[in-house]
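[1] Just a sequence and a predicted model for now, questions to come.
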Amino acid sequence: MTSLTNTNGNDQGMPTALPTVTSLGATFTGNNAGNQANTPAANTPANGQGSNQDNKDVYGTILLNTAPVLADTVVTLTPILEDADVPTGAVGNLISSIAAIGTNITDSDTGAVAGVAITGADTTNGSWFYTIDGGTTWTALGAVSDTNARLLAANANTRIYFQPTPNYNGTVTNGITFRAWDQMAGANGSTADTSTNGGSTVFSALTDTAAITVTAVNDKPSFSNAGNQILTAWTSTAQSVSNWANTVIFGPANESTQTVSNYTVTNTDNTLFTAQPSVATDGTLTYTPSGKPGTATVSVQLQDNGGTANGGVDLSDIANFNITIPAPKVNLTASTTTASEAGATAITLTATAEGNVVGAQTLDLALTGTASAADFTGTIPTQITIPDGSNTGQVTITVNNDLLAEGTETATLTISNPSTGIALGTTTNQSVTINDNPGITVTPTTGLTTTEAGGTANFTVVLNSQPTADVTIPLTSSNTAEGTVNQSSLTFTSANWNVAQTVTVTGIDDSVDDGDIAYNIVTVAATSTDSNYSGVNASDVAVTNTDNDTKGITVTPTTGLTTTEAGGKATFTVVLNSQPTANVTIPLTSSNTAEGTIDKTSLTFTATNWNTPQTVTVTGVNDSVDDGDIAYNIVTVAATSTDTNYSGVNASDVAVTNVASTPIPTVTPTPVPTVTPTPVPTVTPTPVPTVTPTPEPTVTPTPVPTVAPTPEPIPETPVFNGSVDIYDSTNFITTIEFPTQELKVTDNEPISRTAEANVIFALEGNDTVLGGKDNDQIIGNDGADELYGNLGNDIITGNGGNDWINGNLGEDLIDGGDGEDELFGGQENDLIKGGNGDDTIFGNKGEDITEGNEGDDLLSGNEANDTISGNSGDDMIYGGQGNDLLDGSEGNDLLSGDQGDDTLDGGEGNDILTGGQGNDWLVGAEGDDTLTGGAGNDRFYLASSFGNELITDFTNGADIIALTGGLTFEQLQITSFNDSTLIKIASSQQQLAELLGVDSRLIGKSNFVLG
């Protein structure tokens, strides 16, 4: 309240209704009484009596204003969207939503109303606006402070609004700062100084803040592009343009982590493409033209992964560009550019487009040049048509022999005026020379190849026109050491002039590693009385002869050789792989002459003996030291020669083992020795070594040894009568001088004569006989006898029963007879025969001849070079040491050569042959056999009369296959089966062998010899 006047005088009394006024403060003027000091003297006139005076008194109640109180609460404005526009209409927040009596404002004055005085506004990321008329008019808040606060009433029409800076989003924590305003002073929308506040003012002493959140909204992305795509040439292949879409902008920095979801691509002509245009997320444009020419307008729109929430935009503006596919260009070709009237040459003209055309396309065809239509038979077409879906169109014209001597003419054929689906290429015409003159055509003149293996090549010769007389063309080879022709000349007549004659060129093998050599077949100038052909020189023919020779030195074998300290020898061979142009010398040395020496210090090969293997013999040396078996090498030093192919070539060294000698003890015979039979040896197959391939050796088959005949059986044994007087000479085959002492024997009693030669009959029963030191004849007769020849060259016969016989020292003849016998040859060279029954026979030391005869026998040669025959039954035969001959004969036998260079013959039946160490010969013979050569350079025999042989370890270059019984390599068919090689007779498809695990591509003529 600023002023209040009461005109009633003091004598007029009090008003009937007294007002109550709330005032910020009261100031009274013109009230005399009121202006007087509050004392009786001041209010009493001088005369002391009352009088009529206008005291202008105040009647009613004047209340002093109390400032509103603002509570400190969390005030949050309604969120606003990113990029929101300037306010229009009833937007933003009512002031009443942020300041209200009973909510965050209290005011003790009766009838108090609310409002705010905004003393601060955060405009860092946006601008503030207010309206007091419900949104009809919005006004910028302006700069506010405590001394210039904006007054806004809390009513239905007063609002506040925040417009964020473009692309800003987030929370403005202290958006506005305000005090409570009770509207007792000041007008809505005006400004006021609020620095005086609280107490009886209209402003609260405390301030509060209001926050506002700006919600992020996805901005529209954009991109740049590489623009129109115009192909420079027709194509129907896939096209790719990297980075066609580029410089992608997703929006402000806060959207920089967004990615491209996809590009939507459409075009105005899908028929131009077999794969429609598309844009990958990395911006790569791809499409595949269909072959149809034309232009398509392509539209591309980017979509990001920001989404459309809150009105966001994830699609860019559409970008349009053109893809232009040109028409395929057409070029003209001619089947020949040289024609002859004499040959009535047909010329095919071909119009070839870059790709298959869409719809039939045409080109005009015209003839120009010195030739005319009369030079061709029929009518020359005026158009060439390329059918729909094809890329070529053809016409054929034929030269006419007009019998006119008009010389050489030129016909130029030109295409023009292409239809809309094609265009002209760079070659639109072809010129053909029409030759009226005679000539000689040679086909081909280059590219022919012969081989040193006798490979041939052919070419043909023909005249171009009919001669009036015979035409002879001489032929020669420029190098007859590389190739020859099958005829020295060709003659053409008026009857055969147009019939091509074939010349065959055959390669020559020179055995020299000289590489592929080029040479020519020379066509000498023709001779004829026809002047048109006399002296005409046809083209020569270029030929290359392919070399089949490879330099190198083959040493066989390079491992597995054994010498002995007793002077035992071993051999190996050396041969060149190709013919040298000069002598080749290979020095040889022993790495340890204390263990082995060689019979020559070098080998020399010439141009004449290069392919003949030379044998080197290695002899063991006794060093008189018990040092066991010692390994050493025969060293092949680098070759010396003026032939550069062989100079410095170093062949493989040869590994040898010198076996230590074991002294033969002097055996003292015992009366009745207890002899334990030598156990059957367990033969471990020797693993197949990796052998360096060697060329086919020239091998001379080892003749099959003649087995010594089995000795005649002993005459019938006398009948045993219970006792025998061995001093009675009539009891023995050979008369023997006995001592005077009498010695008798009965059943099961041993007999021994240790001094002289004996003939001893054991008679019936199980007897034990010791032959003594001389040459004895022991006859076991029936019973399981133990017969011991001891010293001397003994003849021992077991006869009936399961006998145990040991020849011991000397060259013995042992016959087991009937029964299952155990026979031991002992030392020296024995002849052992098993007889009937399943016998076990050991040759032991010496070069023994062993025969199992009937029954399933076990035979072992043990040491030295033995000859072993199984005969009837399923036998197991082991050669042991030495170079043995093993013959399985009848039955399904197992043969193992073990050490040495052995010869194994399976004979009849399905046999298993294992060569073991050394260079072995394996003959499966009849039946389906399994052959394993083992270590060394082995030879496997095949024949049409043999069965199907399974060769388990054939090593290319080391082993060889020998064909026997009239079989030759040319009769064979070599094929692959399950990673193995099958060898068959081609004509009958009889399978001869399977080379297990051998690549058939490695097997050729060099792997075979005639056995």
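    Arrived safely, thanks for sending.
[2] Show me where the chain dips below the pLDDT cut-off.
    Applying pLDDT under 70 to the chain flags the ranges 1-62, 342-344, 402-407, 436-438, 661-758, 762-763, 772-773.
[3] And it, what are its domain boundaries?
    1-64, 69-215, 222-325, 329-435, 440-546, 553-659, 724-943 (automatic domain parsing).
[4] so what's G906 up against?
    Contacts for G906 (Cβ atoms under 8 Å, 6 or more residues apart in numbering) come out as G888, D893, L895, L913, V923, G924, A925, E926, G927, D929. To be clear about C-beta, it is placed using only N, CA and C from the backbone, and glycine gets the same treatment.
[5] Sorry, wrong one. I was asking about V524.
    Counting by Cβ under 8 Å, 6+ apart, V524 makes contact with I473, P474, L475, T476, N537.
[6] Would you mind giving the domains of the chain as CSV with distance to I961 added?
    Shown next, in CSV, are the domains of the chain (distance: least, Cβ to Cβ, whole Å):
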stretch, distance to I961
domain 1-64, 134
domain 69-215, 89
domain 222-325, 54
domain 329-435, 52
domain 440-546, 19
domain 553-659, 15
domain 724-943, 5
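[7] for those, which one sits closest to D953?
    For the domains of the chain, the distance to D953 is smallest for domain 724-943, at 5.4 Å, taking Cβ to Cβ.
[8] Just the ones in strands from the contacts of V524, please.
    Cross-referencing the contacts of V524 against strands under DSSP state E gives I473, P474, L475, T476.
[9] Out of the residues you listed, who's the most crowded?
    I473 (24 neighbours; other Cβ atoms under 10 Å).
[10] Tell me how far it lies from V522.
    As for I473, its distance to V522 is 10 Å (criterion: Cβ to Cβ, to the nearest Å).
[11] repeat for T408
    Taking Cβ to Cβ as the measure, T408 falls 28 Å from V522.
[12] who has more neighbours, the two?
    Neighbour count, other Cβ under 10 Å: between T408 and V522, V522 has more, with 15 against 12.
[13] neighbours around N479, how many?
    Neighbourhood size, N479 [other Cβ under 10 Å]: 14.
[14] Now do the helices in the stretch 401-550 of the chain.
    For the stretch 401-550 of the chain, applying DSSP state H, counting those that start in this stretch gives no helices.
[15] now the strands: where do they sit in it?
    Under the criterion DSSP state E, counting those that start in this stretch, the stretch 401-550 of the chain contains strands at 409-416, 423-424, 429-435, 440-443, 448-451, 456-463, 471-477, 483-485, 489-492, 501-507, 517-523, 541-546.
[16] now these as JSON lines including distance to D182?
    Output for those, formatted as JSON lines (distance: least, Cβ to Cβ, whole Å):
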{"stretch": "strand 409-416", "distance to D182": "101"}
{"stretch": "strand 423-424", "distance to D182": "91"}
{"stretch": "strand 429-435", "distance to D182": "106"}
{"stretch": "strand 440-443", "distance to D182": "121"}
{"stretch": "strand 448-451", "distance to D182": "118"}
{"stretch": "strand 456-463", "distance to D182": "122"}
{"stretch": "strand 471-477", "distance to D182": "131"}
{"stretch": "strand 483-485", "distance to D182": "127"}
{"stretch": "strand 489-492", "distance to D182": "134"}
{"stretch": "strand 501-507", "distance to D182": "125"}
{"stretch": "strand 517-523", "distance to D182": "120"}
{"stretch": "strand 541-546", "distance to D182": "118"}
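[17] Which of the ones you listed sits closest to G800?
    Comparing these by Cβ to Cβ, strand 448-451 comes nearest, at 70.2 Å.
[18] Buried by neighbour count: which residues of the closest one qualify?
    For strand 448-451, the neighbour count (16 or more other Cβ atoms under 10 Å) marks L448, T450, T451 as buried.
[19] Pretty sure the last one sits against N548.
    Yes: between T451 and N548 a contact is recorded at 6.4 Å, counting by Cβ atoms under 8 Å.
[20] out of the strands of the stretch 401-550 of the chain, nearest to Q229?
    Of all the strands of the stretch 401-550 of the chain, strand 423-424 comes closest under Cβ to Cβ, at 18.5 Å.
[21] next one: that closest one to chain centre, how far?
    With Cα atoms, centre = their mean, to the nearest Å as the basis, strand 423-424 stands 46 Å off its chain's centre.
[22] on contacts alone, who are the packing partners of it?
    Packing contacts for strand 423-424, counted by 3 or more Cβ pairs under 8 Å, 6 or more residues apart in numbering; DSSP states H and E, involve strand 329-334.
[23] Now do the strand it packs on: which elements does it pack against?
    strand 346-353, strand 409-416, strand 423-424, strand 429-435.
[24] Listing partners with orientation, what would you give for the helix or strand hosting T850?
    Using DSSP states H and E, T850 sits in strand 849-851. Strand 849-851 sits in its sheet next to strand 831-833 (parallel), strand 867-869 (parallel), going by DSSP bridges.
[25] Include distance to D953 when you put those strands into a markdown table, please.
    Putting these into a markdown table (distance: least, Cβ to Cβ, whole Å) gives the following:
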| stretch | distance to D953 |
| --- | --- |
| strand 831-833 | 31 |
| strand 867-869 | 23 |
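[26] Quick check: Y287 touching A275?
    Yes: if you go by Cβ under 8 Å, Y287 and A275 touch, sitting 6.0 Å apart.
[27] Out of these two, name the residue with the larger neighbour count.
    Neighbour totals were compared for Y287 and A275, and Y287 leads with 24 against 12 (other Cβ under 10 Å).
[28] Helix, strand or coil: sort out the closest residue to the more buried one other than its chain neighbours for me.
    Computed as Cβ to Cβ, 6 or more residues apart in numbering, the closest residue to Y287 that is not its neighbour in sequence is P277, at 4.0 Å. Secondary structure assignment for P277 (DSSP: H, G, I helix; E, B strand; the rest coil): strand.
[29] Ok, G907 next?
    Put simply, G907 is coil when judged by three-state DSSP.
[30] Quick one: residues contacting it.
    G907 neighbours (Cβ under 8 Å, 6+ apart): G870, D887, G888, S889, E890, G891, D893, A925, E926.
[31] what's the spacing between it and N865?
    G907 is 20 Å from N865, by Cβ to Cβ.
[32] what ranges do the strands span in the stretch 251-400 of the chain?
    Secondary structure of the stretch 251-400 of the chain by DSSP E, counting those that start in this stretch: the strands cover 260-267, 273-279, 285-289, 294-304, 319-325, 329-334, 338-340, 346-353, 361-369, 376-377, 383-386, 392-399.
[33] Which one, of the ones you listed, ends up nearest to A211?
    Among the strands of the stretch 251-400 of the chain, strand 294-304 comes nearest to A211, with 30.1 Å by Cβ to Cβ.
[34] quick one on the thing from earlier: can you tell which of the helices and strands packed on strand 329-334 is closest to V214?
    The closest of the helices and strands packed on strand 329-334 to V214 is strand 423-424. By Cβ to Cβ, the value is 60.9 Å.
[35] and the closest one, which strands flank it?
    According to DSSP bridges, strand 423-424 forms sheet pairs with strand 329-334 (parallel).
[36] any idea of the angle the strand it pairs with forms with strand 429-435?
    0 degrees (axes from the mean of the first three to the mean of the last three Cα atoms, to 10 degrees).
[37] PyMOL command for the buried members of the contacts of G907?
    Typed into PyMOL, the line below selects the buried ones among those, using 16+ other Cβ under 10 Å:
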select buried, resi 870+887+888+889+890+891+893+925+926
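[38] hang on, I521 packs against P474?
    No: the pair I521 and P474 does not pass the contact test of Cβ under 8 Å, sitting 11.0 Å apart.
[39] any common contacting residues for those two?
    Listed contacts common to I521 and P474 are nil; contacts here mean Cβ under 8 Å, 6+ apart.
[40] joint contacts of Y287 and A275?
    Jointly contacting Y287 and A275 under the rule Cβ under 8 Å, 6+ apart are A238.
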